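Trainee: just the structure for this:
(one chain, ligands or ions: 1)
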Amino acid sequence: MPAPEELLAIAVRIAREAAGTARRMRAEAIVDVQTKSTDTDVVTAADKAVEREVVEALRRLRPDDGVLGEEYGGSAAPAGRVRWILDPIDGTVNYLYGLPQYAVSLAAEVDGVVVAGVVRNAATGDEWTATRGGGAWRGERRLQGSVRASLDQALIATGFGYDPARRAHQGAVLATLITRVRDIRRFGAASLDLCQAAEGGVDAYFEKGLHAWDHAAGGLVAAEAGLRVSGLDGRPAGEDMLVAAPPALFPALHDALVELDAAGGP
Ligand code: IPD
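Mentor: Numbers count the residues shown, from 1 in each chain. Presented below is the predicted three-dimensional model:
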């Protein structure tokens, strides 16, 4: 098994190329768009092209590994082998509108544990990396998340899934939560939200309904920057809920989300 640093080097190389493809396609206005699970859940030609490019690169470099991608799904990896988890364009709606908040997110997982990850903002070239136990980095700068402890002074990022009934529930949760925090932000790319939290650009982030490709790389970046990244009631972060918060803030945010039944609803 290669060291996490070796896997990260592969991920970074591939993510940079892939981000270049996404940016080029946008500049050339190749933004052919279709809908997926609902009318608001979109996929562009670039999501598919970038995923194909990354999967081909991984097959060339690491033919025995598994790959899970947002657009084409994938295979499980046998025990002890690497599975790559890819969101070719996280923030597809931002991509569609040309908002500079969309990213390639690529993580390497071994036996269910993410060991390396990169998130590259394809619009700006900003890049966040992490290896398990090796810290979170933005270029040469080691990252440290916020140390805020009080919920009423916390700036919290979140996001919404695409299912209308779920969105209604998420809106109801926010209607109360916003009265208890400094403010709420919704930037539109979960991986970048997690990186933002990793560098203290927001104090914390939570979202229900995420998939592994949304949070695998960014979740490691946030955890390595000192944030607690978890689901509710000690469950692992997952579709149910992901909360990333400074350890001192986590209990208050966690308890508020439980009280507001943020993981409930559809
Ligand atoms: C979405 C974004 C968004 C989050 C959604 C995700 P996509 O990913 O990360 O911020 O709120 O839950 O599905 O569809 O742009 O890859």
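
Trainee: contact residues of this structure facing the ligand?
Mentor: 70, 87, 90-92, 159-161, 188-190, 207, 209-210, 214 (C-beta under 6 Å from any ligand atom). From N, CA and C alone the C-beta is placed, and that goes for glycine too.

Trainee: who wins for most neighbours among the residues you listed?
Mentor: residue 87 (33 neighbours; other C-beta atoms under 10 Å).

Trainee: the helix or strand that that residue is a member of: partners in the sheet, and parallel or antiparallel?
Mentor: Residue 87 is located in strand 82-90, with elements delineated by DSSP states H and E. The partner list of strand 82-90 in its sheet, established with DSSP bridges, is strand 66-69 (parallel), strand 103-110 (antiparallel).

Trainee: got the CA coordinates for stretch 138-150 in CSV?
Mentor: C-alpha atoms of stretch 138-150 as CSV (Å, rounded to 0.1, in the frame of the first residue of the first chain):
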residue,chain,number,x,y,z
ARG,A,138,-3.5,25.3,1.4
GLY,A,139,-0.2,25.4,-0.5
GLU,A,140,2.6,25.9,2.0
ARG,A,141,0.2,27.1,4.8
ARG,A,142,-0.9,24.6,7.4
LEU,A,143,-4.5,25.1,8.2
GLN,A,144,-6.2,25.6,11.6
GLY,A,145,-10.0,25.9,11.8
SER,A,146,-11.8,28.3,14.0
VAL,A,147,-11.6,28.0,17.8
ARG,A,148,-15.0,29.6,18.4
ALA,A,149,-17.0,28.2,21.2
SER,A,150,-20.3,30.0,21.4
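
Trainee: report the rounded mean pLDDT for it.
Mentor: Mean per-residue pLDDT for stretch 138-150: 97.

Trainee: for the chain, which residue gets nearest to the ligand?
Mentor: Residue nearest to the ligand within the chain (C-beta to the nearest ligand atom): residue 159, separated by 2.4 Å.

Trainee: quick one on the thing from earlier: quick one: closest of the strands paired with strand 82-90 to residue 177.
Mentor: Each of these was scored for nearness to residue 177 using C-beta to C-beta, and the closest is strand 103-110 (25.4 Å).

Trainee: for the chain, where's the lowest mean pLDDT among helices and strands?
Mentor: Of all helical and strand segments in the chain, the minimum by mean pLDDT, DSSP states H and E falls on strand 42-44, at a mean of 77.

Trainee: which helices and strands sit right next to the following helix or strand past that one?
Mentor: Using DSSP H and E, the helix or strand that follows strand 42-44 towards the C-terminus is helix 45-61. Packing contacts for helix 45-61, counted by 3 or more C-beta pairs under 8 Å, 6 or more residues apart in numbering; DSSP states H and E, involve helix 4-27, strand 66-69, strand 82-90, strand 103-110.
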